[in-house]
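1. Predicted model follows, preceded by the sequence.
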Amino acid sequence: MKALAFLLLALLPAVAAPSGAVIREDGAVYLEDLIPKPVKLAITADAPIFYKIDMARYLGTLQRGQLVEVQAISGRAYRVRGAAQQGQVAGWVEPKFLSPLKREFIESVHQNAARKAEVDALIARNEVAINMTPEEVGRALGRPGKKTARLDAQGRAETWEFIRYERVPQEVTGYDRTGRLVTSIVYVKVPSGKLSVSFHNDLVAALEQSEGVLERDARVKLVPAPFAVVY
């Protein structure tokens with residue numbers, strides 16, 4: 001019976017990753033996180049493509065002359081999607097088999113990746129900083145309670161207002177199921193302050209706190225503005 005079970009397992013097809021899923025490798029920068037349009041390069045010589053960034057598990061060979069979509073880049077390999085003899089594949093290819101990317105493009109991609117890591121850390125702590133975008137501020141603080149906007153010679157200016165809350169313990173007294181008088185602690189959400197976020201040309205230009213102290217550390221946080229990606 002065990003031999004039959006092993007035979008059946010061997011005959012079953014391998015479970016594929018969900019369609020469109022990209023397996024993330026350490027040390028690589030994934031372009032879908034940074035730029036909206038796909039980057040395509042030409043295969044300059046028949047190129048072996050591998051499943052892992054360390055060139056483990058050969059998947060096939062990409063033929064010279066075809067265009068492939070670049071999904072991620074690292075110093076040693078690029079993740080691409082293209083057509084091999086075996087059909088459509090996505091995996092890692094050495095850069096020497098591809099038409100070169102501009103140095104400015106690679107530099108801007110790495111700069112934006114470093115900025116994204118810094119901004120993501122702020123968002124995880126529900127914090128904002130100078131030079132964050134409206135989309136990033138929304139991810140950090142949620143929907144503002146109030147928005148105002150104006151246009152002038154310097155461009156577009158906008159202000160978002162957020163009410164901050166804190167949970168304050170309160171002692172309440174009541175009766176339990178047996179009719180005994182008991183005291184318990186409940187936490188009530190109360191306003192603790194207001195934060196105004198001012199944007200200029202779609203980047204945070206100023207932060208203003210009022211009606212209470214929102215942060216013990218009042219130093220202004222600053223992140224780089226998004227870098228222009230030239231491709």
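-> Right, received. Where do you want to start?
2. which one's the longest helix in the protein?
-> The longest helix of the chain (DSSP state H) is helix 103-124.
3. so how far is that one off the chain centroid?
-> Helix 103-124 has its C-alpha centroid displaced from the chain centroid by 10 Å (CA atoms, centre = their mean, to the nearest Å).
4. could you point out which element follows that helix?
-> As assigned by DSSP states H and E, the chain's next helix or strand after helix 103-124 is helix 134-141.
5. In CSV, list the C-alpha atoms belonging to that following helix.
-> Output of helix 134-141 as CSV, limited to C-alpha atoms (Å, rounded to 0.1, in the frame of the first residue of the first chain):
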residue,chain,number,x,y,z
PRO,A,134,-0.5,61.9,-0.1
GLU,A,135,-0.9,58.2,-0.8
GLU,A,136,1.8,57.4,1.8
VAL,A,137,0.2,59.7,4.4
GLY,A,138,-3.1,58.1,3.9
ARG,A,139,-1.6,54.7,4.5
ALA,A,140,0.0,56.0,7.7
LEU,A,141,-2.9,57.9,9.2
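6. Low-confidence stretches in this protein?
-> 1-22, 190-191, 211-219, 230-231 (pLDDT under 70).
7. which residue is nearest the middle of it?
-> residue 33 (5.8 Å; CA atoms, centre = their mean).
8. Would you mind measuring from that residue to residue 113?
-> Look at residue 33 and residue 113: by CB to CB, to the nearest Å, they are 7 Å apart. Where you see a C-beta, it was placed from the backbone N, CA and C, and this is true even at glycine.
9. Enumerate every residue touching the residue nearest to the centre of the chain.
-> 113, 116 (CB atoms under 8 Å, 6 or more residues apart in numbering).
10. now the farthest one out in this structure, which residue is it?
-> Largest separation from the mean C-alpha position in the chain: residue 179, at 53.3 Å (CA atoms, centre = their mean).
11. Checking it next. Helix, strand or coil?
-> coil (DSSP: H, G, I helix; E, B strand; the rest coil).
12. how far away is it from residue 172?
-> 17 Å.
13. now residue 149
-> To residue 172, residue 149 is 43 Å away according to CB to CB.
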